[in-house]
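S.K.: mind folding the following:
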Amino acid sequence: MVSHSELRKLFYSADAVCFDVDSTVIREEGIDELAKICGVEDKVSEMELVSRLQERNVQVFLISGGFRSIVEHVASKLSIPATNVFANRLKFYFNGEYAGFDETQPTAESGGKGKVIKLLKERFHFKKIIMVGDGATDMEACPPADAFIGFGGNVIRQHVKENAKWYITDFAELLGELEE
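M.R.: As a prediction, this is how the structure comes out:
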């Protein structure tokens with residue numbers, strides 16, 4: 001078990017930080033945003049944290065069980081390349097009708113966020129990956145993530161709050177860690 005102070009050191013020295021999107025990076029759930037996709041950029045919270053991580057050469061990824069079309073839009077506002085986005089792809093027939101979602105994406109499966117983190121470790125040889133998120137699926141991604149930071153700045157999920165070793169309600173706390 002990692003202590004709170006060890007977790008803070010892990011965050012400071014991380015090779016990569018993965019963020020959940022719905023109710024973490026954006027204030028709403030993606031399904032709600034799909035109907036009003038034009039306003040997503042106003043929902044992005046704490047862009048400064050992502051910029052600061054990138055300045056320190058930390059790779060930043062967005063991992064979501066939501067829809068890639070929304071997550072890529074959020075990623076572009078955060079200067080995160082589309083190659084660092086893992087989310088579900090919607091499928092459409094040639095006539096434009098909805099055809100379902102791409103079941104081959106790891107995020108389409110149970111335990112998908114953990115599968116993405118395992119893939120990132122294999123592909124890029126990261127030594128320390130941190131997962132930040134508001135939900136149980138984010139917490140379940142640790143391991144293979146080296147640490148989990150619970151986030152309750154938009155929605156507080158009691159199970160996550162009670163079980164995360166480090167629980168924050170404002171990204172300013174993580175920014176502060178990077179300044180020390």
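
S.K.: okay, CA-based contacts and neighbour counts for the rest of this
M.R.: OK.

S.K.: okay, and for this structure, where does confidence drop off?
M.R.: Across the chain, the ranges flagged by pLDDT under 70 are 1-2, 4, 7, 10, 22-46, 91-93, 98-102, 107-108, 180.

S.K.: tell me where it has strands.
M.R.: Along the chain, the segments classed as strands by DSSP state E run 16-19, 59-67, 85-88, 90-92, 98-101, 129-133, 147-151, 166-168.

S.K.: the longest helix in this structure is where?
M.R.: Secondary structure of the chain per DSSP state H: the longest helix is helix 112-124.

S.K.: A82: neighbour count?
M.R.: Residues lying near A82 (other CA atoms under 10 Å) number 16.

S.K.: check L62 too.
M.R.: Other residues close to L62 by other CA under 10 Å number 25.

S.K.: same check on the one 5 residues further on?
M.R.: The number of residues packed around F67, counting by other CA under 10 Å, is 20.

S.K.: any idea how far it is from Q158?
M.R.: Per CA to CA, to the nearest Å, F67 is found 25 Å from Q158.

S.K.: before we move on, what about S3?
M.R.: To Q158, S3 is 20 Å away according to CA to CA.

S.K.: same question for Y12.
M.R.: Distance, Y12 to Q158, by CA to CA: 26 Å.

S.K.: settle it for me: which of these two has more neighbours?
M.R.: Between Y12 and Q158, counted using other CA under 10 Å, the more crowded position is Y12 (19 against 12).

S.K.: which residues are in contact with the more buried one?
M.R.: Taking CA atoms under 8 Å, 6 or more residues apart in numbering as the criterion, Y12 is in contact with E177, L178.

S.K.: swap in 10 Å and give it another go.
M.R.: Taking CA atoms under 10 Å, 6 or more residues apart in numbering as the criterion, Y12 is in contact with E6, L53, R56, V58, I130, L174, L175, E177, L178, E179, E180.

S.K.: I'd say the fifth one and I117 touch.
M.R.: Yes - between I130 and I117 a contact is recorded at 9.3 Å, counting by CA atoms under 10 Å.

S.K.: and K9, how far from L174?
M.R.: Using CA to CA, we find K9 at a distance of 11 Å from L174.

S.K.: more crowded one of the two?
M.R.: More crowded of K9 and L174, by other CA under 10 Å: L174, with 16 against 13.

S.K.: name the nearest residue to the more buried one, ignoring sequence neighbours.
M.R.: Computed as CA to CA, 6 or more residues apart in numbering, the closest residue to L174 that is not its neighbour in sequence is L49, at 7.4 Å.

S.K.: now do the contacts for the spatially closest residue to F11 that is not a sequence neighbour.
M.R.: Once flanking residues are discounted, F11 sits nearest to I130: 6.5 Å by CA to CA, 6+ apart. I130 makes contact with 7, 10-19, 60, 117, 141-149, according to CA under 10 Å, 6+ apart.

S.K.: that concludes my questions; thank you for your assistance.
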